[in-house]
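Chemist: need the 3D shape of this:
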Amino acid sequence: MPPKSDINKAGWEQSEFPILCETCLGDNPFIRMSKQEFGRECGTCARPFTIFRWNPGNGMRFKTTVICQTCAKIKNVCQTCLLDLEYGLPTQVRDTALALQNEAPTSDINREYYAQNMEGKLEANRSGLDSTRASSAAKDMLKQLARTDPYYKRNRPHICSFFMKGECNRGTQCPFRHEKPTDGPLAKQNIQDRYHGHHDPVANKIMAKHAENQGLKPPEDDSIMSLFLSLLPAEATEQSVRTMVIKSLPSMNPDKLRSVVHIAKSKSAFVNFKDRDSAERAAEAWANGIDIDGQRVNVKWGRGKSSVARPATTSTPVASTSA
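Modeler: A predicted model of the protein is given here:
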């Protein structure tokens, strides 16, 4: 750390080696890195930190660290790609599955103060995350989505801007890619959203696809804003179901929950939301089910008001989505 006598460098970070995932490190066993102390501000806490730059392999682009090690340890992510080090997933996917609440502040001054306090707490720990109490449904979801093998394609060079304008004359000697860029939500990402897990388009795509594969594709009727829970524990009550729903969706405003209709006779319940987006986010978080009182509960979409069909998993009459 910087000398304590230099008050201008209080809180600045020095490090000898970066915290990287296997993909960003590359397949080259002889990596040569350049190191620059206090070379830039952290992309999340805005504190100066030591940056590293290296080439992960032949034909790849040079990569660099974008956040400090303290911020990387708080969220257990790579300093370059900001993906989880254990599962290789965006933080939004991991935090949604584990029902983790983001406690980091958003203002510049508070972010720096928060990072300095966390730095002291993390001295003896590798990560600031505690996932030991994760439910079995969350663990199953992460196991299915986890990327276990390196994805070196992510290290490819950026697209040549001159080629996009039709002005590149370097041909095969150009170190950048000659292809048309893809336009869409995946092309619009920023460090803050990726790190804190807010409105991350990559995470949204992964979770939506997983929910669809688990049979929770959103119905075409946009008026359906309820989810049907079956195989509830015998001792479950309306209050216990409501408590577990709110606990498993920490990022959702509790006011978005309209009602919980518990049907004790059939051990089922309807969870009704005030808007379709909240219902879809809940379906994605519960793609592998939800644990209530230590028992795995099945989740299905509810039925529309005009539908007379019954849910496939129960013989209980259908409740209205406006319950």
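
Chemist: C-alpha from now on. contacts and neighbour counts both.
Modeler: OK.

Chemist: for residue 73, pull up the helix or strand it's in.
Modeler: Taking DSSP states H and E as the definition, residue 73 sits inside helix 69-75.

Chemist: next SSE after that helix?
Modeler: Taking DSSP H and E, what comes next after helix 69-75 is helix 91-98.

Chemist: export that next one as CSV, just CAs?
Modeler: Extracted in CSV, the C-alpha atoms of helix 91-98 (Å, rounded to 0.1, in the frame of the first residue of the first chain):
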residue,chain,number,x,y,z
THR,A,91,-23.0,-11.5,-11.6
GLN,A,92,-26.7,-10.8,-12.2
VAL,A,93,-27.3,-14.5,-13.0
ARG,A,94,-25.3,-15.7,-9.9
ASP,A,95,-26.9,-13.2,-7.5
THR,A,96,-30.4,-13.9,-8.8
ALA,A,97,-29.9,-17.7,-8.3
LEU,A,98,-28.3,-17.2,-4.8
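
Chemist: what is it packed up against?
Modeler: The contact analysis (3 or more Cα pairs under 8 Å, 6 or more residues apart in numbering; DSSP states H and E) places helix 91-98 against helix 136-145, helix 191-196, helix 201-213.

Chemist: out of these, which is closest to residue 264?
Modeler: helix 136-145 (22.8 Å; Cα to Cα).

Chemist: next, the angle from the closest one to helix 201-213.
Modeler: Orientation of helix 136-145 against helix 201-213 (axes from the mean of the first three to the mean of the last three Cα atoms, to 10 degrees) gives an angle of 110 degrees.

Chemist: for helix 136-145, the averaged confidence score.
Modeler: The pLDDT scores in helix 136-145 average 90.

Chemist: quick check: which element contains residue 291?
Modeler: strand 290-292.

Chemist: quick check: mean pLDDT across the helix or strand just after that strand?
Modeler: As assigned by DSSP H and E, the chain's next helix or strand after strand 290-292 is strand 295-301. The average pLDDT for strand 295-301 rounds to 93.

Chemist: mind listing what's buried in whichever strand or helix holds residue 51?
Modeler: Secondary-structure element containing residue 51, defined by DSSP H and E: strand 48-54. Residues 48, 49, 50, 51, 52, 54 are the ones in strand 48-54 that count as buried (16 or more other Cα atoms under 10 Å).

Chemist: touching it from outside, list them.
Modeler: By Cα atoms under 8 Å, 6 or more residues apart in numbering, the residues outside strand 48-54 that reach it are 12-15, 17-18, 31-42, 62-68.

Chemist: count of neighbours near residue 183?
Modeler: Neighbourhood size, residue 183 [other Cα atoms under 10 Å]: 8.

Chemist: from residue 204, how far off is it?
Modeler: 16 Å (Cα to Cα, to the nearest Å).

Chemist: ok, now which ones touch residue 87?
Modeler: Counted by Cα under 8 Å, 6+ apart, residue 87 has contacts 142, 143, 145, 146, 147, 148.

Chemist: longest strand anywhere in this protein?
Modeler: strand 33-41 (DSSP state E).

Chemist: now it: mean pLDDT?
Modeler: 92.

Chemist: 309 is where my numbering starts, stick with that
Modeler: Yes, from this point I'll number from 309; that puts the last item at strand 341-349.

Chemist: in its sheet, what does the strand holding residue 599 sit against?
Modeler: strand 603-609 (antiparallel) (DSSP bridges).

Chemist: so which bits of the partner strand are buried?
Modeler: 604, 605, 606, 607, 608, 609.

Chemist: would you mind measuring from the last one to residue 510?
Modeler: According to Cα to Cα, residue 609 stands 24 Å off from residue 510.

Chemist: same deal with residue 594?
Modeler: 18 Å.

Chemist: out of these two, which sits in the busier spot?
Modeler: More crowded of residue 594 and residue 510, by other Cα under 10 Å: residue 594, with 26 against 18.
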